[in-house]
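J.: output the structure for:
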Amino acid sequence: MPTVTFTDAQGEQRTVEAAAGDSVMETAVRNGVPGIVAECGGSLSCATCHVFVAEEDLGELPEMEEMEDEMLYGTSEERQENSRLSCQLRLAEDTDLHVTTPETQV
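T.: As a prediction, this is how the structure comes out:
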């Protein structure tokens, strides 16, 4: 079963179990994880599910597609090299992902 560890801007961690095939955003919303607003519900039309992926986990993720790349320029908190939209991160059965949520999404 995949797991996602969410760290908020203050450093508090919360690890949740996820369903394979779900996105990191869906997992966060389903589990009431603070810091993921997800205004568009995962339709890639906002940037309110922005996360910073742990450097050691970046190589496990699929390449960012052009639309996600464009949307990341609209984040409330400045984009970084490890920025991704959590709605675009699908979890595989053996995923153990670590992400940090920004201080604000809006």
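
J.: quick one: contacts for the most centrally placed residue in the chain?
T.: What sits nearest the mean C-alpha location of the chain, by Cα atoms, centre = their mean, is Ser86, with 2.7 Å. By Cβ atoms under 8 Å, 6 or more residues apart in numbering, the contact list for Ser86 reads 23-25, 28, 36, 38, 49-51, 99. For the C-beta atoms, the positions are set from N, CA and C on the backbone; glycine is no exception.

J.: what do you get if the cut-off is 7 Å, keeping everything else the same?
T.: 23-25, 28, 36, 49, 51, 99 (Cβ atoms under 7 Å, 6 or more residues apart in numbering).

J.: try Glu17
T.: So Glu17 contacts 1, 3 (Cβ under 7 Å, 6+ apart).

J.: and it, how far is that from Val106?
T.: Glu17 sits 28 Å away from Val106, taking Cβ to Cβ, to the nearest Å as the criterion.

J.: please apply the same query to Thr15.
T.: Taken as Cβ to Cβ, the span from Thr15 to Val106 is 25 Å.
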